[in-house]
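>>> sequence first, predicted model second:
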Amino acid sequence: MKISFIGGGNMARAIIGGLKQKGYSMATISVIELDAAKREQLTEEFGIHATEHLPSVANADIIVLAVKPQQLRDLAIFLASFLNQQLVISIAAGIPCAALSRWLNGYRAIVRAMPNTPAQIQVGISGLYAADGVSIEQREQADLLLSAAGSTLWVDDEQKIDAVTAISGSGPAYVFYFIEALEQAALELGFAPYQARALSLQTFLGASKLASQSDAPAATLRAQVTSKGGTTERAILSMEQAGIKQAIIQAAQAAAKRARELGEQLGKD
Ligand SMILES: NC(=O)C1=CN([C@@H]2O[C@H](COP(=O)(O)OP(=O)(O)OC[C@H]3O[C@@H](n4cnc5c(N)ncnc54)[C@H](O)[C@@H]3O)[C@@H](O)[C@H]2O)C=CC1
Ligand SMILES: O=C(O)[C@@H]1CCC=N1
């Protein structure tokens, strides 16, 4: 399977990193990227072919559109004439298959995917939606490609991809934000930076692993840490008073709304 990425930025690098770790032949992967410095970096890091010439996609089996949503329309209109049988996978936030298909001159073999950056170490999760022109074989190809980056979750309702974007697409940033905050707290409690980082990171790693290996819901695991009249109880009370849980829920809702807005604004032309 020959895979061409168009756009060699953060997310393309994360997926290619996952494919490399999984043992994919880097000879089957190419990237079309406008920025010469990024092309050089991609070739150096992964040993892949990186070019600025779009027509090279004609030989690919799968084309992954990994440019910003704002860059997708112009790219797609130019790409349309190079499509024959390829599966097009778009990872752009918010942009509906219908808009992309219109820009691609009615092309319908489109999968909309929403991966996340932990793809680069194969512990990502991707939401996937297949438009009606996608064959069963192409659906399997898309699943195989994104599986190299972690788990996959197919949805039948395209709007759910905006919801996936809000939870797991943007989600790593929420977690990094919490890690930053805990690290900051450790610094303020007198630890050296390397100690603060170790305490914060290992706590996230350990708690995430424990939650993923346990049948108990997160609330039960939290209760197991929380002694009556103890330190955790005081900390959780402080977070409840600050409205942290509600703020996180609102943040995810704001992200989903932004994904819908991007689709409406950018997908209308
Ligand atoms: N960064 C993330 O965590 C995630 C991003 N996404 C989606 O992935 C897409 C890419 O995001 P990032 O990688 O973060 O952006 P980025 O800005 O790091 O990468 C986009 C790349 O596309 C290149 N580019 C733009 N127009 C081009 C063209 N016509 N031909 C070739 N290359 C072109 C740019 O030079 C840039 O290097 C976005 O649509 C975003 O919504 C999806 C899931 C997660
Ligand atoms: O922030 C964004 O718009 C993209 C989509 C999900 C993660 N990054």
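Arrived safely. Ligands and ions are numbered 1, 2, ... in the order given.

>>> going forward, measure contacts between C-alpha atoms and count neighbours the same way
Noted.

>>> neighbours of Asn59, just the number please.
16 (other Cα atoms under 10 Å).

>>> again with Ala252
Neighbour tally, Ala252, other Cα under 10 Å: 20.

>>> how about it, secondary structure?
helix (DSSP: H, G, I helix; E, B strand; the rest coil).

>>> what residues does it make contact with?
Ala166, Ile167 (Cα atoms under 8 Å, 6 or more residues apart in numbering).

>>> how about the residues of the stretch 1-150 of the chain that lie near ligand 2?
Neighbours of ligand 2 within the stretch 1-150 of the chain, by Cα under 6 Å from any ligand atom: Ala93.

>>> could you pull out the helices for the stretch 101-250 of the chain?
In the stretch 101-250 of the chain, the helices defined using DSSP state H, counting those that start in this stretch lie at 136-147, 159-164, 171-188, 193-213, 218-225, 231-241, 244-266.

>>> deepest in the core, which of these is it.
Most buried of the helices of the stretch 101-250 of the chain by mean neighbour count (mean count of other Cα atoms under 10 Å) is helix 159-164; its value is a mean of 22.

>>> list the contacts of that one.
Counting by Cα under 8 Å, 6+ apart, Ala93, Gly94, Arg112, Ala113, Met114, Gly127, Leu128, Tyr129, Val155, Ala256, Ala259, Arg260 sit against helix 159-164.

>>> and those residues, which are buried?
Buried subset of the contacts of helix 159-164 (neighbour count, 16 or more other Cα atoms under 10 Å): Ala93, Gly94, Arg112, Ala113, Met114, Gly127, Leu128, Tyr129, Ala256, Ala259, Arg260.

>>> quick one: which of those sit in strands?
In strands, defined here by DSSP state E, the members of those are Arg112, Ala113, Met114, Gly127, Leu128, Tyr129.
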